[in-house]
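Colleague: need a structure here:
(chains A and B)
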Amino acid sequence: MTLTAVEKSLSEALSQSLNRVYGFSPAPFALQETRREFSGTFTAVVFGWAKDLRLSPEVVGQAIGEDLVKTCTLVSGFSVVKGFLNMELNAPVWHSLFLTIRDDSAFGCKPISKEAPIALVEYASPNTNKPLHLGHLRNILLGHSVAKLLAADGQRVKRVQIINDRGIHICKSMLAWQKFGEGETPQSSGLKGDHLVGKYYVAFDAAYKAEVAQRMAQGSSEEEAKKSAPLLVEAQDMLRAWENNDPAVRHLWSTMNGWVYEGFNATYDRLGVSFDQNYYESDTYLLGKSDIERGLANGVFYRREDGSVWIDLTSDGLDEKVVLRKDGTSVYMTQDVGTAIQRSKDYNMDSMTYVVGNEQDYHFKVLFLILKKLGYDWADRLFHLSYGMVDLPTGRMKSREGTVVDADDLLDEMEQTAEALSEELGKLEGMPTQEKKDLYRTLGYGALKYYILKVEPTKRMVFNPEESIDFNGHTGPFIQYAHARIQSLLRKGQRVEYDVHSISWDAREEELVYQIAKFPSVVSAAANSHNPSLVAQYVYDLVKVFNGYYQNISILNAETPQIAAFRLDLSATVAYLLHKGLDLLGIEAPQRM
RNA sequence: GGCCCCGUAGUUCAACGGAUAGAACGAGCGUUUCCUAAACGCUAAAUCCCAGUUCGAUUCUGGGCGGGGCUACCA
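Modeller: Numbers count the residues shown, from 1 in each chain, chains lettered A, B, ... in the order given. Predicted coordinates for the structure are as follows:
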């Protein structure tokens, strides 16, 4: 028996009781969890029924409860507090829940069939002119986790990213490298490729600003100075040369982008994320034009006198939006339309999730509307996972002010903190050096990933670089620690045959099984809402309950070997779910720590 | 100006319209001859303001106040 099955039967039994006692058929209702301070597992809210019946909630609750205990084998007892009917489950229900879970090796995950829907998840999507920062980290961790969640929900998932590898910003770092680089390479400098290129992007900005200031000192207006600064003009020339396939520019471009990819891949590897396909903007930036032309013929778009092409979304509560400039060139929107259509050709996907910050909410509203108006049936199953920014206590991170938190630096710092902490605790005696290093990563990254993923994606979150991320309390390592302790139990304990029905359960064991049994519905809720924080919250709650159990109930030294074996199985199930839950968040579960 | 998000302990985060608003960090106190004390227990501490709907509002509606974002023929 599963928990949802129990809940369903219980709801039906309640309806029948209402009918039997009062001749009353309630509207569909949901049960809620009984609050921890009261005894019971499920609670029915009686207020609404009492109002319809014109009776006091206590009277109705009492009458229904009495009928339920007599007629429903699931329920062993009940209590009525105000208008709340708290119901306790019978021991065999607990036994059955436990056995179902214990014997299901894939508990909580749906199998992926050959006909399962295909879900594309786009995430990361960096520019190739600077290294990854904390904002990318939130994006990447969310995307990676959502991809895992959708797979656990039984979908065929494809992970993709679009790499913004062309454009004026790329030319800026190329130009600066040409002018100031003196042939510097990742090898010669020892710098990671993406950091090296980022350095020249910054160098461009500095030199450009100096030029602007100089011109303004000579009497130019700010606007004029910004437009006519030689460096900018040169960068624009370089972009044109790139578009005209100038061999030298293209060579420099592919060399520097190559450095950046090496750098990005190193960071992706550290994070344990990967992609099934990369889309490059240099390949896709011309896509979409023909789709616009087609839509123009169908009346989706219209052409203005100056030749530019627009879509009128005022009847949808939005504005008018340009999709082709008067010179016939694309805008960002055009490319995104083209890329989406390209992906439908590549994958014939049923749905697509874009992991992109909430500053682009408007953009995606428009994009989805356009695709719908162009008649694509999958346009209804596009989802913008719009996450909030990661802010500093002082506000937004600004690269120009040097307040950006670099992803690699942060990862380094997490490893170091994990090492220092582990050394201090001194529990790793006898562990080989390499294993220790791996463990520091597991713990450090676990702390970081959990810190980011426990927050609901849509919400803005604050990161304070002054305060290092915690390893105690509501953290990744807290959950990892529970897992490691259970592994230690499993190494020491003896598994013998036992009969669950003949063991008398502690209330904590029922609570634990209840918590365990919730897992599948948490996974599907998280997948449906694209929300890893539900899983993060779940594993935390599970550990809280388990730690209370561990603290108060002796597992290895139970009264009999049979009881010990039962408790070990219960603990093993918890460990399995912690492992599985953490994995859905992209976090590893250590054997020891 | 228009449109869209968000205001919860000192701080970082929770709470399908339900019970006495939960955690964690930080502060204070306690638990180890016992399965890993990165743990467990106890104490103090919060819904921005004003109305409305409701048996019941942190949650829904309206109005303030405060913060952020979008509002380019940029990407």
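
Colleague: doesn't A:Ser15 make contact with A:Asp67?
Modeller: No - under the criterion of CB atoms under 8 Å, A:Asp67 makes no contact with A:Ser15, lying 11.5 Å away. Every residue, glycine included, has its C-beta placed from N, CA and C.

Colleague: those two: which is more packed in?
Modeller: A:Asp67 (19 against 16; other CB atoms under 10 Å).

Colleague: doesn't the more buried one fall inside a helix?
Modeller: Yes - counting by DSSP: H, G, I helix; E, B strand; the rest coil, A:Asp67 falls inside a helix.

Colleague: run a quick neighbour tally on the residue nearest to it when sequence neighbours are not counted.
Modeller: Distances taken as CB to CB, 6 or more residues apart in numbering place A:Ser17 nearest to A:Asp67, at 4.2 Å, with adjacent residues excluded. Neighbours of A:Ser17 under the rule other CB under 10 Å: 24.

Colleague: at the geometric centre of chain A, which residue do we find?
Modeller: Among the residues of chain A, the one closest to the centroid is A:Leu142, at 2.6 Å (CA atoms, centre = their mean).

Colleague: now do the contacts for A:Pro57.
Modeller: Counting by CB atoms under 8 Å, 6 or more residues apart in numbering, A:Pro57 makes contact with A:46-47, A:50, A:82-83.

Colleague: again, 10 Å this time
Modeller: A:Pro57 sits next to A:45-51, A:80-85 when contact means CB atoms under 10 Å, 6 or more residues apart in numbering.

Colleague: which ones among those map onto strands?
Modeller: Taking DSSP state E, the ones among the contacts of A:Pro57 that sit in strands are A:45, A:80-81, A:84-85.

Colleague: related to what we said a few turns ago, give me the buried entries from the contacts of A:Pro57.
Modeller: Neighbour-count burial (16 or more other CB atoms under 10 Å) applied to those gives A:45-46, A:49-50, A:80-81, A:83-85.

Colleague: picking up where we left off before, how about the residue nearest to the centre of chain A, phi and psi?
Modeller: Taking degrees, to the nearest 10, you get phi -60, psi -50 for the backbone angles of A:Leu142.

Colleague: surely it touches A:Pro532?
Modeller: Yes - contact criterion CB atoms under 10 Å: A:Leu142 and A:Pro532 qualify, at 6.6 Å.

Colleague: list the residues that contact both of the two?
Modeller: A:452-453, A:457, A:586.

Colleague: quick check: the farthest pair among these?
Modeller: A:Pro457 and A:Gly586 (14.1 Å; CB to CB).

Colleague: can you tell me the closest non-neighbouring residue to A:Asp470?
Modeller: A:Ala447 (7.0 Å).

Colleague: what's the first helix or strand after the helix or strand hosting that neighbour?
Modeller: Secondary structure from DSSP states H and E places A:Ala447 in helix A:433-453. Where DSSP H and E defines the elements, the next helix or strand beyond helix A:433-453 is strand A:461-462.

Colleague: now do the helix holding A:Ala447: distance to the chain's middle.
Modeller: 18 Å (CA atoms, centre = their mean, to the nearest Å).

Colleague: CSV for the contacts of A:Pro57, including distance to A:Asp306 and pLDDT?
Modeller: Converted to CSV, the contacts of A:Pro57 look like this (distance: CB to CB, whole Å; pLDDT from 0 to 100):
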residue, distance to A:Asp306, pLDDT
A:Val45, 62, 95
A:Val46, 67, 95
A:Phe47, 63, 94
A:Gly48, 61, 92
A:Trp49, 66, 94
A:Ala50, 68, 93
A:Lys51, 64, 91
A:Val80, 73, 94
A:Val81, 71, 92
A:Lys82, 69, 88
A:Gly83, 67, 91
A:Phe84, 67, 95
A:Leu85, 69, 96
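
Colleague: farthest pair within the residues you listed?
Modeller: Taking CB to CB, no two of the contacts of A:Pro57 sit farther apart than A:Lys51 and A:Val81, at 17.7 Å.

Colleague: how about the secondary structure of the closest residue to A:Gly181 other than its chain neighbours?
Modeller: Leaving aside its chain neighbours, A:Gly181 sits nearest to A:Tyr200 (6.4 Å; criterion: CB to CB, 6+ apart). With three-state DSSP as the basis, A:Tyr200 sits in helix.

Colleague: A:Val93 contacts A:Glu7, correct?
Modeller: No - at 11.1 Å, A:Val93 does not count as touching A:Glu7 under the criterion of CB under 10 Å.
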